[in-house]
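Asker: A predicted structure for the sequence below; I have some questions about it.
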Number of protein chains: 4
Amino acid sequence: MAAGRPLRVTIWNEHVHEQRQASVRKIYPEGMHAPIAEGIRRELGDGVSVRVATLEEPEHGLTEGALAETDVLTWWGHAAHDQVADEVVERVHARVLAGMGIVLLHSAHYSKIFKRLMGTTCSLRWRSDPGGEREVIWTVNPAHPIAAGVPQPIVVPHDEMYGEYFDIPTPDDLVFISSYEGGEVFRSGCVYRRGLGRVVYFSPGDQEYPVYHQPEIQRVIANCVAWCGEAGRANDTPSTRQGNSPRNWYM
Amino acid sequence: MAAGRPLRVTIWNEHVHEQRQASVRKIYPEGMHAPIAEGIRRELGDGVSVRVATLEEPEHGLTEGALAETDVLTWWGHAAHDQVADEVVERVHARVLAGMGIVLLHSAHYSKIFKRLMGTTCSLRWRSDPGGEREVIWTVNPAHPIAAGVPQPIVVPHDEMYGEYFDIPTPDDLVFISSYEGGEVFRSGCVYRRGLGRVVYFSPGDQEYPVYHQPEIQRVIANCVAWCGEAGRANDTPSTRQGNSPRNWYM
Amino acid sequence: MAAGRPLRVTIWNEHVHEQRQASVRKIYPEGMHAPIAEGIRRELGDGVSVRVATLEEPEHGLTEGALAETDVLTWWGHAAHDQVADEVVERVHARVLAGMGIVLLHSAHYSKIFKRLMGTTCSLRWRSDPGGEREVIWTVNPAHPIAAGVPQPIVVPHDEMYGEYFDIPTPDDLVFISSYEGGEVFRSGCVYRRGLGRVVYFSPGDQEYPVYHQPEIQRVIANCVAWCGEAGRANDTPSTRQGNSPRNWYM
Amino acid sequence: MAAGRPLRVTIWNEHVHEQRQASVRKIYPEGMHAPIAEGIRRELGDGVSVRVATLEEPEHGLTEGALAETDVLTWWGHAAHDQVADEVVERVHARVLAGMGIVLLHSAHYSKIFKRLMGTTCSLRWRSDPGGEREVIWTVNPAHPIAAGVPQPIVVPHDEMYGEYFDIPTPDDLVFISSYEGGEVFRSGCVYRRGLGRVVYFSPGDQEYPVYHQPEIQRVIANCVAWCGEAGRANDTPSTRQGNSPRNWYM
């Protein structure tokens, strides 16, 4: 709880699979956002205030006002990327550049906002075999705050395979690499700065498996939220002032 | 001249200032693209074939066919960024991700294509005092090919000041840093990979000063062209194949 | 004050110039370490406990015990780099890799410990004109914690010029770039991770000028200390366990 | 064959296992350096001249004269790292910083020269099960020249497992990541610049398996040699001149 108030987190969930597919609803009866929120609250306690927003709300729950009061946004989407309004995407994008943190989860690699931030296709290799396969998540930067307090490795018993080549810009920091039973590897924890905002992509979490109920995964997400939340609060905007500058303006 | 044929370069120039302003036309009577082309030809000789394209041509001279036959595109724009058709920008973007190199010059920091590739505002500080001021360009990565054969430092007698904070992603490699008489600094040579393509931003070159006639600046641009052109030719596309992949597809 | 106890900081000062040269003693009558300590205490308050160590102490004040109780070490040296015992350098090196932060100041670019950590010559260009010259320090990564709360730019009225090419590995993050009246530039705030430890090099601070009395400079150093101190405390060592590993050791 | 003469490559092989162990001699009857040299010659043809040097030669075959005529050095060592003379290590180190490329293979991660260049412990996780296990090597930077022309993935039927955490500085570019049957991952193709020299670490190649007979592995090593060799030839040394610099020295 820096700067005298809790970190304000908005958990954004597309919330489509849970309503459409019994198999997903069984795993996440209250929506995937429920265990994500629970994990963040457990790990960060009084340091955080959490709200949830979903696709079906007006402006997807991401109005100017809501974003102005959000320090960190987490994002899960898959079936309905195209239904996210471009205007909302531009609004989120501007807030990230102005210092809001954003944590993109799993199939959010193909969300409009991630592609907008990255400037690449963000395509990857995947395998949707029924039952999934074991994912083993390795920390390759043990001094990075998003890896704090997690075991080496984290084992996810069943997840969808995501494999290289993952078409993203080279991360500012690569923190996690996953392997799968099929032998594929994936850069599963990637960190970027864009403008004043911090961006994390963390790949585990297919809707068909109870990944977000797993405490180690919840811990990583909480770490991501805490770390992404630092930037927007620590900085004094003057250092980024731009535009026409007369000679000796700073003297 | 790798792979048995010359590197195919398209020099794109907005070509608006030269037609509108006598002061610019005096410096660049045949257009700014003329000395840029001349420098590339002088430095790369038979290894390169150069063509020019401008805003006023149909599809700005950047048709599907033209781009398919371009290994490296250089880009200068300023007054008319908004007149570049979004469709053409998307086409250039796709070609870069597929391996075409792109070299963005000076005020192209605000071009649609650069902002699209970067995902940030690309804003900066500037000063348009008449007469400009001395820019001194320092190599901070002397082993990078785009710095080959240039003096340390390069002195540009008169240029427009471009200063930090420059709102770009952290470069994959930072090669040049400029200082100005007013004391500002600027990351003036920035290198990125996006998909299979290489991207360079090189900042000197305000239209009011004869910067592109300067041999050291021409040499850097030729270096950028040669280096950006490597990627698209060296690679075998199979390594980036993506999509649904059955277990043991690679065995 | 994370993890329930203050961050333990050791300020290491060669403390030779202050004793030998009246001009330096006049600026730093209680040693250069005094204003450095004062600034850290003012900025970090109860979150920090500060001690000082100097070259002339047994083992330079950096015994195994002292280092074991140090979370972050700051280092200033110049005239007597060679008098630092190799054994102490190896000890400090090992502690950094195990998670201690280290902040290297000004002429510490040529210290044994910095060269040991970097693996390069760490040479640079300099100018020791009497009176020095104005240094202007620009933030190029405004979201980095070591730049928090400092003006853009910081102006140091008189400092020794340090210029490129600075022979260091490419920083993991480049946060500050300085310019000088003579037109040179310098990567003046460079951040690295080595093992579990964080490393910052921050260049202002020639002994002939009152640079460490300047509140903005003190603020940056305090930021560096706070940031470097995070890593050693946040991490669980298991994630770095190494060595011979039987199949399925982690299952 | 840039700059009018072939690239001069020295293949350094400890050459101890081949002489001591029948199992290794059977795989590499003429020494491990033989297929490494063969692959480089096949891929680079007239563009390269190759010589071999081994531990048992005077000064390990790495005299001042030999290094002065080497553009790229490849290094394989394992059983006898400690027998490499410190003086030779310092000599190689200085040559790398002055522009010689170096390609470190497999167990060379623990060589004196690699640790000297990296400044970290370079420790890792390993598994020496008889028979080894399948290693699958994935390209994560398909535009990098060292990945040119290799399949995605490269499958090595039997190799020793090398796993994370690998205690190295964050690479300037990460090009390959390997997975193993046991589920471990490893950053197997890492690229650095140190001074004017380029450094590649490429991990496949345990002495118990015929890894260096595999054409794809030979191709990667040839790519590394070609890429590392560029730097020393392309650069003009003036850009790195350092030391005391009077005001306006460059005007």
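Answerer: Received it, and whenever you're ready, just let me know what you need. Numbering: from 1, shown residues only, chains lettered A, B, ... in the order given.
Asker: at which residues are the strands of chain A located?
Answerer: Along chain A, counting by DSSP state E, strands occupy A:7-13, A:48-54, A:72-76, A:101-105, A:125-127, A:133-139, A:154-159, A:161-163, A:173-180, A:185-194, A:197-202, A:243-244.
Asker: ok, the worst-scoring helix or strand of chain A on mean pLDDT near chain C or not?
Answerer: Sorting the helices and strands of chain A by mean pLDDT, DSSP states H and E puts strand A:243-244 at the bottom, at a mean of 79. No - judged by C-beta under 8 Å from any C-beta of the partner chain, strand A:243-244 makes no contact with chain C; its nearest approach is 12.7 Å. C-beta here means a position set from N, CA and C on the backbone, and glycine is covered the same way.
Asker: what about chain A, any weak spots by pLDDT?
Answerer: The model of chain A has pLDDT under 70 over residues A:1-3, A:232-241.
Asker: so which residues of it form helices?
Answerer: In chain A, the helices defined using DSSP state H lie at A:17-20, A:22-27, A:33-44, A:64-68, A:86-97, A:112-118, A:215-234.
Asker: isn't A:Ile11 right up against A:Ala66?
Answerer: No - if you go by C-beta atoms under 8 Å, A:Ile11 and A:Ala66 don't touch, sitting 11.9 Å apart.
Asker: stretch A:156-175 near chain C anywhere?
Answerer: Yes - for stretch A:156-175 and chain C, the contact criterion (C-beta under 8 Å from any C-beta) is met by A:172-173.
Asker: give me the residue from the stretch 51-200 of chain A nearest chain C.
Answerer: Of all residues in the stretch 51-200 of chain A, A:Gln152 sits closest to chain C, at 3.6 Å by C-beta to the nearest C-beta.
Asker: number of nearby residues for that residue?
Answerer: The number of residues packed near A:Gln152 is 21, by other C-beta atoms under 10 Å in any protein chain shown.
Asker: ok, now how distant is it from chain B?
Answerer: 26 Å (C-beta to the nearest C-beta, to the nearest Å).
Asker: so that residue touches D:Tyr165, yeah?
Answerer: Yes - if you go by C-beta under 8 Å, A:Gln152 and D:Tyr165 touch, sitting 6.9 Å apart.
Asker: on that earlier part again, out of the helices of chain A, which comes closest to B:Ile36?
Answerer: helix A:112-118 (29.8 Å; C-beta to C-beta).
Asker: ok, and what's touching that closest one?
Answerer: A:75, A:81, A:84, A:86, A:89-90, A:92-93, A:96, A:102, A:104, A:108, A:121-122, A:168-169, A:192, A:194, A:199, A:201, B:119 (C-beta atoms under 8 Å, 6 or more residues apart in numbering or on different chains).
Asker: which of those count as buried?
Answerer: By neighbour count, with 16 or more other C-beta atoms under 10 Å in any protein chain shown, the contacts of helix A:112-118 hold A:75, A:81, A:84, A:89, A:92-93, A:96, A:102, A:104, A:108, A:121-122, A:168-169, A:192, A:194, A:199, A:201, B:119 as buried.
Asker: ok, the residue of the stretch 51-200 of chain A closest to chain C to chain D distance?
Answerer: Taking C-beta to the nearest C-beta as the measure, A:Gln152 falls 7 Å from chain D.
Asker: and that residue, its phi and psi?
Answerer: A:Gln152 adopts backbone torsions of phi -110, psi 110, taken as degrees, to the nearest 10.
Asker: near chain D, which residues of the stretch 1-150 of chain A?
Answerer: Residues of the stretch 1-150 of chain A lying near chain D by C-beta under 8 Å from any C-beta: A:134, A:136, A:138-142.
Asker: one more pass at 7 Å, please.
Answerer: A:136, A:138-142 (C-beta under 7 Å from any C-beta of the partner chain).
Asker: neighbour count and distance to chain B added to those residues, as CSV?
Answerer: Listed next are the residues of the stretch 1-150 of chain A next to chain D as CSV, based on neighbours: other C-beta atoms under 10 Å in any protein chain shown; distance: C-beta to the nearest C-beta, whole Å:
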residue, neighbour count, distance to chain B
A:Val136, 22, 16
A:Trp138, 30, 21
A:Thr139, 27, 22
A:Val140, 25, 18
A:Asn141, 22, 16
A:Pro142, 25, 21
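Asker: which member of the residues you listed is positioned nearest B:Tyr180?
Answerer: B:Tyr180 lies nearest to A:Asn141 out of the residues of the stretch 1-150 of chain A next to chain D, by C-beta to C-beta, at 36.5 Å.
Asker: list the contacts of that closest one.
Answerer: Applying C-beta atoms under 7 Å, 6 or more residues apart in numbering or on different chains to A:Asn141 gives the contacts A:147, A:173-175, C:193, D:170.
Asker: neighbours around A:Pro171, how many?
Answerer: Neighbour count of A:Pro171, defined by other C-beta under 10 Å: 18.
Asker: would you agree it is in contact with A:Val191?
Answerer: Yes - counting by C-beta atoms under 7 Å, A:Pro171 does reach A:Val191; the two are 5.7 Å apart.
Asker: separation between A:Gly99 and C:Pro142?
Answerer: Distance, A:Gly99 to C:Pro142, using C-beta to C-beta, to the nearest Å: 9 Å.
Asker: hmm, I was thinking of A:Ile11
Answerer: 27 Å.
Asker: rewinding a little: any common contacting residues for A:Pro171 and A:Val191?
Answerer: With contacts taken as C-beta under 7 Å, 6+ apart, A:Pro171 and A:Val191 have no neighbour in common.
Asker: what residues are up against the residue nearest to A:Val72 when sequence neighbours are not counted?
Answerer: Nearest residue to A:Val72, sequence neighbours excluded (C-beta to C-beta, 6 or more residues apart in numbering or on different chains): A:Gly101, at 3.9 Å. Neighbouring residues of A:Gly101 by C-beta under 7 Å, 6+ apart: A:71-72, A:197-198, A:228-229, A:231-232.
Asker: now with 10 Å, please.
Answerer: A:7, A:9, A:70-74, A:95, A:196-200, A:224-233, C:143 (C-beta atoms under 10 Å, 6 or more residues apart in numbering or on different chains).
Asker: those, buried ones only, as a PyMOL selection?
Answerer: Buried residues within those, by 16+ other C-beta under 10 Å, are selected in PyMOL with:
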select buried, (chain A and resi 7+9+70+71+72+73+74+95+196+197+198+199+200+224+225+226+227+228+229+230+231+232) or (chain C and resi 143)
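Asker: how about A:Glu43: what's its closest non-neighbour residue?
Answerer: A:Ala222 (3.4 Å).
Asker: and the gap between A:Val89 and A:Glu69?
Answerer: Taking C-beta to C-beta, one finds A:Val89 at 19 Å from A:Glu69.
Asker: is stretch A:80-89 positioned near chain B?
Answerer: No - Stretch A:80-89 lies out of reach of chain B by C-beta under 10 Å from any C-beta of the partner chain, never closer than 11.9 Å.
Asker: done for today, thanks.
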